[in-house]
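>>> With the sequence up front, the predicted model follows.
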Amino acid sequence: MTVDVIIPAYNEELAIGLVIDDIPKNLVRNIVVCNNNSTDGTKQIANNHGAIVVDAYTPGYGSACLEGIDYINKLGKIPEIVVFLDGDYSDFPEEMSKILAPIIDQNMDLVIGSRALGNLEKGSMMPQQVFGNWLATKLIKLIYGYTFTDLGPFRAIKYESLMKLNMEDKNYGWTVEMQVKAAKMKLSCCEVPVSYKPRIGVSKVSGTVKGTILAGYKILWTIFKLL
């Protein structure tokens with residue numbers, strides 16, 4: 001299957017090259033780094049490591065992902081699967097085959113890499129992240145009837161399913177929007193355990209009080225907005 005990877009990135013010059021290098025090149029066609037107004041060397045380093053770099057000028061995690069999708073949509077041949085992962089080297093890109101397997105072997109629509117089910121290294125997630133994920137996934141189960149354990153950023157989705165979701169969120173609600181819409185549309189979803197390590201650098205979300213509050217609010221707002 002043709003697989004393209006989308007990596008949103010903002011000021012990840014210390015990590016982005018490591019992320020790109022660890023992606024199994026035999027599994028993917030394009031690695032698209034969505035440079036979200038970085039003021040450091042993220043763009044040049046991503047280029048140097050063989051990624052396609054597109055500029056996402058509107059700030060926000062979701063905005064960067066949407067820019068990557070827009071780029072893929074304009075390719076002569078669209079992919080069959082799109083993989084998303086972060087540019088901070090907290091994910092283990094070499095585990096990509098685990099993320100892809102349920103789509104390839106079981107015809108799943110969406111696969112979430114669950115940090116809750118996998119090897120969560122000490123210090124890799126702040127307590128508020130762990131609680132937020134727990135609360136959000138419990139609400140999704142209660143309201144939409146789908147069982148998730150995580151809103152993890154490392155995920156794979158069929159391209160045709162991604163298009164059906166009509167993703168819109170431009171910042172913190174991106175991951176939960178995808179899972180809630182998938183549940184509402186009754187897509188086939190599953191999780192696989194993945195490893196997770198402390199990110200390189202300071203998180204723009206959980207690393208600040210403001211970011212944590214805004215992210216928590218947006219996640220909960222998204223869950224109820226889509227009712």
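Received, thanks. Keep in mind that this is a model prediction, so the values were computed, not measured.
>>> Name the residues of the one helix or strand Ser161 maps to that are buried.
Ser161 belongs to helix 159-165 when assigned by DSSP states H and E. By 16 or more other CB atoms under 10 Å, the buried positions in helix 159-165 come out as Tyr159, Ser161, Leu162, Leu165. C-beta coordinates here come from the backbone N, C-alpha and C atoms, glycine included.
>>> residues in contact with that helix?
69, 72, 78-82, 109-110, 177-178, 181-182, 185, 187 (CB atoms under 8 Å, 6 or more residues apart in numbering).
>>> one more time with 10 Å, if that's ok
With contact meaning CB atoms under 10 Å, 6 or more residues apart in numbering, helix 159-165 is reached by 1-4, 69, 72-73, 78-82, 84, 103, 108-110, 156-158, 177-182, 184-185, 187-189.
>>> pLDDT (mean, whole number) over that helix?
The average pLDDT for helix 159-165 rounds to 98.
>>> Now that helix - C-alpha only, CSV.
Listed next in CSV are the C-alpha coordinates belonging to helix 159-165 (Å, rounded to 0.1, in the frame of the first residue of the first chain):
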residue,chain,number,x,y,z
TYR,A,159,-6.9,8.1,3.0
GLU,A,160,-10.5,7.6,1.9
SER,A,161,-11.6,7.5,5.5
LEU,A,162,-9.6,10.7,6.3
MET,A,163,-11.4,12.5,3.5
LYS,A,164,-14.8,11.4,4.9
LEU,A,165,-14.0,13.0,8.2
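>>> Out of the contacts of helix 159-165, which sit inside helices?
Ile69, Ile72, Asn73, Ile103, Glu177, Met178, Gln179, Val180, Lys181, Ala182, Lys184 (DSSP state H).
>>> any idea how far the fourth one lies from Lys77?
Plainly put, Ile103 is 18 Å away from Lys77 if you go by CB to CB, to the nearest Å.
>>> Just want to know which of these two has more residues nearby.
Ile103 (23 against 8; other CB atoms under 10 Å).
>>> Now for the more buried one: which residues touch it?
With contact set as CB under 10 Å, 6+ apart, Ile103 has these partners: 1, 3, 80-81, 83, 109-111, 156-158, 161, 188, 190.
>>> Check the gap between the most centrally placed residue in the chain and Glu177 for me.
The residue lying closest to the centre of the chain (CA atoms, centre = their mean) is Pro153, at 3.1 Å. Per CB to CB, Pro153 is found 13 Å from Glu177.
>>> can you check Tyr10 too?
19 Å.
>>> okay, those two: which has more neighbours?
Each of Tyr10 and Glu177 has its neighbours counted (other CB under 10 Å); Glu177 has more, 23 against 20.
>>> Check the gap between the more buried one and Tyr89 for me.
With CB to CB as the criterion, Glu177 and Tyr89 are 25 Å apart.
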